[in-house]
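Chemist: next one to model:
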Amino acid sequence: MSSEKTTGIVIRIVEFSESSCITTLFTEDFGKISGIAKGCRRPKSAFESAIDLLSLCRIVFLHKTSDSLDILTEAKLLRKFRSAQRSLPHLYAGYYIAELLTEFTHESDPYPELFQVTDQTLAELDGGGNVAKLVLHFELSLLRLLGQLPELSFCVDTGTPAPKTGRVPLGLLAGGILSPQARAGHRQVIDVSAETLEIFRRFAEPGDRWRETEIPANRFGECRGVINRYITHQAGHRLKMHDMLGMLSE
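Modeler: Residues are numbered from 1 along each chain as shown. Here you go, the predicted structure:
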């Protein structure tokens, strides 16, 4: 076993014993890791209250080469997620981000850019940022960085550019939009407004243009409905936090 150091975000905690827990972290250098933190529930331990859901911490762990759990030996708290004290929508958004990372990332597979996006999103949520915009940007960024973003600009069959008005077929199985001519023969197709597709394109692209893009009230429901359905399709099941995302418009 080798001793490793990295920065990580706690995305799951399972009680293991009266004083210990199994912790899953999304780390900057190693991707998602799961390890046992012995004694972390004791008042005085090497973890200094750092093992808390969505907290950012600097950790030391013994990395196992087999399928067995890593062993966390030390953790220092860098930032606590305090939205539970201020806003339920912001808290649920944080829980949803943890669920997305748990579902869509693989153990010991580094995603450094996704880690930076996650860290920034949680920091802005904790600071009271626009929860609906931050969540949509995170969802689409995660899909883009993991290679699962649907094609939003051109028909996946014919290469025809997406229209600027009207409604556009989006094929869940096809992995992107379809021209009217290409729609026949495709299953699991939903119609999406051209305006919603433009919102998705802006929120998915790298950079900060999404910050200047508002989600109109009359498009919020469609945006959430489409992205929820696409993520459900990619995950293979409905995510637990999807039932709470109606609060994001509050």
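Chemist: CA atoms for contacts and neighbours, from now on please.
Modeler: OK.
Chemist: the residue lying farthest from the centre of the chain: which element?
Modeler: Here the chain reaches farthest from its C-alpha mean at residue 181, the gap being 34.1 Å by C-alpha atoms, centre = their mean. Assigned by DSSP states H and E, residue 181 falls within helix 180-183.
Chemist: what's the mean pLDDT across that helix?
Modeler: On average, the pLDDT along helix 180-183 is 92.
Chemist: not counting its own residues, what contacts that helix?
Modeler: 155, 157-158, 168-169, 189 (C-alpha atoms under 8 Å, 6 or more residues apart in numbering).
Chemist: any of the residues you listed buried? List them.
Modeler: Neighbour-count burial within the contacts of helix 180-183 applies to 155, 168-169, 189; the criterion is 16 or more other C-alpha atoms under 10 Å.
Chemist: and the longest helix for this protein?
Modeler: Longest among the helix segments of the chain by residue count, using DSSP state H, is helix 217-235.
Chemist: show me what that one is in contact with.
Modeler: Under C-alpha under 8 Å, 6+ apart, the answer for helix 217-235 is 103-104, 148, 172, 192, 196, 238-239, 242, 249.
Chemist: buried ones among those residues?
Modeler: 148, 172, 192, 196, 242.
Chemist: pLDDT added to these, as a markdown table?
Modeler: As requested, the buried ones among the contacts of helix 217-235 are exported to a markdown table (pLDDT from 0 to 100):
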| residue | pLDDT |
| --- | --- |
| 148 | 98 |
| 172 | 97 |
| 192 | 98 |
| 196 | 98 |
| 242 | 92 |
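Chemist: I'd like those residues laid out as JSON lines, including secondary structure.
Modeler: Shown next, in JSON lines, are the buried ones among the contacts of helix 217-235 (DSSP: H, G, I helix; E, B strand; the rest coil):
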{"residue": "148", "secondary structure": "coil"}
{"residue": "172", "secondary structure": "coil"}
{"residue": "192", "secondary structure": "strand"}
{"residue": "196", "secondary structure": "helix"}
{"residue": "242", "secondary structure": "helix"}
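Chemist: what are the structural domain limits within the chain?
Modeler: When the chain is parsed with automatic domain parsing, its domains come out as 1-80, 83-250.
Chemist: tell me which helix or strand comes right after the lengthiest strand in the chain.
Modeler: Assignment by DSSP state E gives strand 2-15 as the longest strand of the chain. Next along the chain after strand 2-15, taking DSSP H and E as the criterion, comes strand 21-27.
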